[in-house]
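J.: sequence first, predicted coordinates after that:
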Amino acid sequence: MLNDLQPSPAIVKRPANIFARKHRGMLIDMLMFLVNVFLMRLLVRVFLDIYRQASAGDAIARFGLLLFYLALLVLPSLGAILKRWHFHQRIKQRGEAEAADSWLPFGCIFIPAIYLIVNMCITLGVALTFLDLFPGSQFGETVGVSLLLFGIVYNVFQTVLVFRYFAPPKREPKSAFLRDPRSESLGDACIFLNLILYQVLLNWVTVVYPGFHEGKATDRFFTVVIFALLIYITGRIFFLVEDLRHPRTWLTILLANSPLVVRVVLGGPATATAGFLIPALIAGKRKRFYIRQSRALNSLPR
């Protein structure tokens with residue numbers, strides 16, 4: 001009789017294997033959380049140093065910024081090419097009726113348009129940044145305009161290539177390497193590196209743009225959450241077909257971006273690049289203490 005009360009093995013839900021291929025997106029979310037907590041402070045400092053050197057006229061630093069931008073453009077395209085065959089083979093092997101080409105959100109024009117707009121905004125920001133690196137210079141204007149035009153053309157090409165990833169290939173790749181499982185691992189590495197570069201760029205923006213560390217905490221919260229999710233999901237889009245319908249996916253996405261949100265909302269500009277959550281919390285309390293102290297001094301009779 002006790003056996004009748006026990007659930008069937010087919011009914012018992014087992015915890016998801018985070019290292020399984022179909023859960024690779026959640027694994028990358030966890031890794032991004034660790035990068036944001038322990039490494040982002042160092043990475044943003046390096047980026048700030050390179051930007052300062054580029055502003056001072058260092059040619060090597062300017063070339064480094066150019067490579068940074070080109071990596072933002074190229075890495076998603078490489079990821080799409082390296083992972084496409086393996087993704088659709090995995091869908092077939094699992095026997096899922098939910099094939100990529102029948103999945104409605106990626107079959108419409110709305111999501112590719114958002115993806116293209118986000119990348120166009122990044123391209124515009126990079127082009128304007130290069131204009132600032134060459135103030136009043138004809139060469140700077142030429143470089144900025146060239147980057148803008150190249151970015152616009154390549155972003156259209158990249159959007160087509162990325163969303164072609166969700167359509168099943170009609171034939172197997174001619175290249176033996178693209179059929180090798182190692183190519184998918186390399187594609188995952190490209191996407192992970194691209195997400196890190198996105199996070200460095202977003203952290204840098206939160207430092208230099210006053211809107212992310214001025215005003216009310218609630219205003220900063222909604223601003224940074226919207227920007228962070230738009231940019232992060234743009235880089236993570238390859239994994240959404242397989243894990244979008246799992247509620248824990250959105251929890252891991254929020255977890256990956258939570259250190260940035262906490263730093264911006266509680267830390268202000270002084271800790272916007274801090275690598276740990278605890279210093280941000282301490283800085284937030286210290287800031288509120290100074291505000292109360294200043295108000296108390298202003299209220300004293302003169």
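T.: Arrived safely, thanks for sending. Residues are numbered from 1 along each chain as shown.
J.: can you give me the helices in this structure?
T.: Listed in chain order, the helices of the chain (DSSP state H) span 2-5, 24-34, 40-55, 59-93, 104-107, 110-133, 138-164, 176-179, 181-208, 217-236, 240-243, 247-262, 277-298.
J.: any idea how far the residue nearest the centre of the chain lies from Arg220?
T.: Closest to where the C-alpha atoms of the chain average out (C-alpha atoms, centre = their mean) is Tyr232, at 3.0 Å. Relative to Arg220, Tyr232 is positioned 17 Å away (C-beta to C-beta, to the nearest Å). Where C-beta positions appear, they are placed from N, C-alpha and C, glycine not excepted.
J.: if I look at Phe63, how far off is Ile50?
T.: Phe63 is 10 Å from Ile50, by C-beta to C-beta.
J.: kindly apply the preceding question to Ala56 instead.
T.: From Ala56 to Ile50 the distance is 11 Å (C-beta to C-beta).
J.: repeat for Val224
T.: Separation of Val224 from Ile50 (C-beta to C-beta): 23 Å.
J.: looking at the two, which one has more neighbours?
T.: Just comparing Val224 and Ile50: by other C-beta atoms under 10 Å the higher neighbour count belongs to Val224, 24 against 18.
J.: what residues are up against the residue nearest to that one when sequence neighbours are not counted?
T.: Using C-beta to C-beta, 6 or more residues apart in numbering and skipping residues adjacent in sequence, the residue nearest Val224 is Val264, 4.5 Å away. Listed by C-beta atoms under 8 Å, 6 or more residues apart in numbering, the contact partners of Val264 are 206, 212-213, 220-221, 224, 272.
J.: try 10 Å this time
T.: Taking C-beta atoms under 10 Å, 6 or more residues apart in numbering as the criterion, Val264 is in contact with 202-203, 206-207, 212-213, 217, 220-221, 223-225, 227-228, 271-272, 280.
J.: you'd agree Leu82 is up against Leu161?
T.: No: in this structure, Leu82 is not within contact of Leu161 by C-beta atoms under 10 Å, at 11.7 Å.
J.: those two: which has the busier surroundings?
T.: Applying other C-beta under 10 Å to Leu82 and Leu161 shows that Leu82 carries more neighbours, namely 24 against 17.
J.: any idea how far Ser146 is from Ile237?
T.: From Ile237 to Ser146 the distance is 28 Å (C-beta to C-beta).
J.: now swap in Leu65 and tell me
T.: Counting by C-beta to C-beta - Leu65 and Ser146 are separated by 14 Å.
J.: higher neighbour count, the two?
T.: Taking other C-beta under 10 Å, Leu65 and Ser146 do not tie; Leu65 has more neighbours (18 against 12).
J.: give me the neighbour count for Val156.
T.: 13.
J.: give me the neighbour count for the closest residue to it other than its chain neighbours.
T.: Leaving aside its chain neighbours, Val156 sits nearest to Leu116 (6.9 Å; criterion: C-beta to C-beta, 6+ apart). By other C-beta under 10 Å, 19 other residues sit near Leu116.
J.: tell me the confidence at Leu116?
T.: Note on Leu116: pLDDT of 93.
J.: check contacts around it.
T.: 152, 155-156, 158-160, 162-163, 234.
J.: which pair in those residues has the greatest spatial separation?
T.: With C-beta to C-beta as the measure, no two of these lie farther apart than Ile152 and Phe163, at 17.4 Å.
J.: so between the two, which is more surrounded?
T.: Shown here are Ile152 and Phe163; by other C-beta under 10 Å, Phe163 has more neighbours (18 against 15).
J.: quick one: distance of stretch 134-143 to the chain centre.
T.: 30 Å (C-alpha atoms, centre = their mean, to the nearest Å).
J.: my bad, stretch 259-269
T.: 17 Å.
J.: same check on stretch 215-226?
T.: 18 Å.
J.: now do it: everything it contacts.
T.: With C-beta under 10 Å, 6+ apart, stretch 215-226 has contacts from 202, 205-206, 209, 211-214, 254, 257-258, 260-266, 268, 272, 284, 288.
J.: how about that stretch as PDB, C-alpha atoms only?
T.: In PDB, the C-alpha atoms belonging to stretch 215-226 read as follows (Å, rounded to 0.1, in the frame of the first residue of the first chain):
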ATOM      1  CA  GLY A 215      18.500  61.300  -9.300                       C
ATOM      2  CA  LYS A 216      16.300  58.900  -7.400                       C
ATOM      3  CA  ALA A 217      17.200  55.300  -6.800                       C
ATOM      4  CA  THR A 218      13.900  54.100  -8.400                       C
ATOM      5  CA  ASP A 219      14.700  56.100 -11.600                       C
ATOM      6  CA  ARG A 220      18.100  54.600 -11.800                       C
ATOM      7  CA  PHE A 221      16.700  51.100 -11.100                       C
ATOM      8  CA  PHE A 222      14.300  51.100 -14.000                       C
ATOM      9  CA  THR A 223      16.800  52.700 -16.400                       C
ATOM     10  CA  VAL A 224      19.600  50.200 -15.700                       C
ATOM     11  CA  VAL A 225      17.200  47.200 -15.700                       C
ATOM     12  CA  ILE A 226      15.800  48.100 -19.100                       C
END
